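**Student:** Below is the sequence, then the predicted model.
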Amino acid sequence: MYDDPTLQQIIERILAATPARVLDVALGAQPGLRSEVDTLRETLAAVGSSLAPVAPSAAARARLSDALGALPAVATKTAVVVLDMLIDHLTPGGALEVPRARGIVPALQKRLSEARAAGQWVIYVCDHHEPDDPDLLSWPDHNLDAPRACIWPALAPAAADVVLAHRHYSAFSETALDATLRAAGVDALEITGCVTEIQVYATAIDALQRGYRVTVPAHLQAGSMESVEQMILGTLCQLPPIAPDLPR
């Protein structure tokens, strides 16, 4: 019935009860298959709903109870983290320019305004280096000014926002970010900014390992190119409680 080998593999995984978030990663690389797979899911759901219900076994009920008990508590306080939306990364022609980052500025401005109005924390984490930093042996000179001065002017922080410096790929490495978040009772992070395949990825993984719930909105992140962004967001999608907002 289905001649496409990739589609056949996806059908097999659907029938094997593979989690939908894992299948969505495969569909991200094959957008032309999504409508067929959605139709198939609806068909299987209709067939399933027409069957007489079967009571789960005691073992199945026990597994479900254990799984529900292991779920992390629902997040109660969210902070919006802005990574490296800095002059050296957004200025055209810069040695470490991230051209796609300029495109997310309007949406990020809107999100930060909403967060502040809702009383959510906004935390800027800014790449910063001293002139003798060994990091500059691998990369061109960048982000040598004071962290607050490095922020792209259109995204200038408000007085109540937190601004932290970092020099490693993860915003948690050798910074006060974790202590600051825990002191404020923050247990969920909305990670935004650039670069998706470096700072965003490293910070999201680190946040997950520290027990935070993480969201990476697709329209608020920027990588070196769209295909790289999709690869990273697809990878993160398989790591609950990380929940990238994958575009359909």
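**Tutor:** Noted; the coordinates are in hand. Small disclaimer: the values here were computed from a predicted structure and weren't measured.

**Student:** Rounded mean pLDDT for stretch 195-213, please.
**Tutor:** When pLDDT is averaged along stretch 195-213, the result is 94.

**Student:** what's the spacing between residue 204 and residue 237?
**Tutor:** For residue 204, the distance to residue 237 (Cβ to Cβ, to the nearest Å) stands at 11 Å. The C-beta positions use only the backbone N, C-alpha and C, and glycine is treated the same way.

**Student:** Sorry, slip of the keys, the one I care about is residue 64.
**Tutor:** Following Cβ to Cβ, the distance that separates residue 64 from residue 237 is 23 Å.

**Student:** Tell me where the model's unsure across the protein.
**Tutor:** Along the chain, the model assigns pLDDT under 70 to residues 1-7, 16-33, 48, 68, 70-75, 130-131, 133-134, 136-137, 139-144, 242-248.

**Student:** hmm, who's touching stretch 78-86?
**Tutor:** The contact list for stretch 78-86 (Cβ atoms under 8 Å, 6 or more residues apart in numbering) reads 101, 105, 108, 111-112, 115, 120-127, 143, 150-152, 155, 171, 177, 181, 184, 186, 188-195, 199-200, 203.

**Student:** Need phi/psi at the most centrally placed residue in the chain.
**Tutor:** Among the residues of the chain, the one closest to the centroid is residue 216, at 2.5 Å (Cα atoms, centre = their mean). With angles defined as degrees, to the nearest 10, residue 216 sits at phi -120, psi 90.

**Student:** Repeat that for residue 35.
**Tutor:** Per-residue torsions, residue 35: phi -60, psi -40 (degrees, to the nearest 10).

**Student:** next one: residue 124
**Tutor:** Torsion angles at residue 124 (phi, psi; degrees, to the nearest 10) stand at phi -90, psi 130.

**Student:** next one: residue 215
**Tutor:** phi -120, psi 140.

**Student:** One more: residue 10?
**Tutor:** Backbone torsions of residue 10, given as degrees, to the nearest 10, read phi -70, psi -40.

**Student:** I figured it hits residue 37, correct?
**Tutor:** Yes - contact criterion Cβ atoms under 8 Å: residue 10 and residue 37 qualify, at 5.9 Å.

**Student:** Settle it for me: which of the two has more neighbours?
**Tutor:** residue 10 (21 against 18; other Cβ atoms under 10 Å).

**Student:** could you pull out the strands for the chain?
**Tutor:** Applying DSSP state E to the chain gives strands spanning 78-83, 121-127, 162-166, 188-194, 213-215, 221-222.

**Student:** right, so of those strands, which gets closest to residue 231?
**Tutor:** Checking these against residue 231 by Cβ to Cβ gives strand 221-222 as the closest, at 12.6 Å.

**Student:** partners of the closest one in the sheet?
**Tutor:** Next to strand 221-222 in the sheet, as set by DSSP bridges, lie strand 188-194 (parallel).

**Student:** Between strand 78-83 and the partner strand, find me the angle.
**Tutor:** Put simply, strand 188-194 runs at 20 degrees to strand 78-83, going by axes from the mean of the first three to the mean of the last three Cα atoms, to 10 degrees.

**Student:** quick check, distance from strand 188-194 to the centre of its chain.
**Tutor:** The chain centroid and the centroid of strand 188-194 are separated by 6 Å under Cα atoms, centre = their mean, to the nearest Å.

**Student:** Return the alpha-carbon coordinates of that strand using CSV.
**Tutor:** These are the backbone C-alpha positions of strand 188-194, laid out as CSV (Å, rounded to 0.1, in the frame of the first residue of the first chain):
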residue,chain,number,x,y,z
ALA,A,188,11.0,26.2,34.2
LEU,A,189,13.0,28.0,31.5
GLU,A,190,12.1,29.4,28.2
ILE,A,191,15.4,29.5,26.3
THR,A,192,15.8,32.0,23.5
GLY,A,193,18.5,33.6,21.5
CYS,A,194,21.5,32.2,19.6
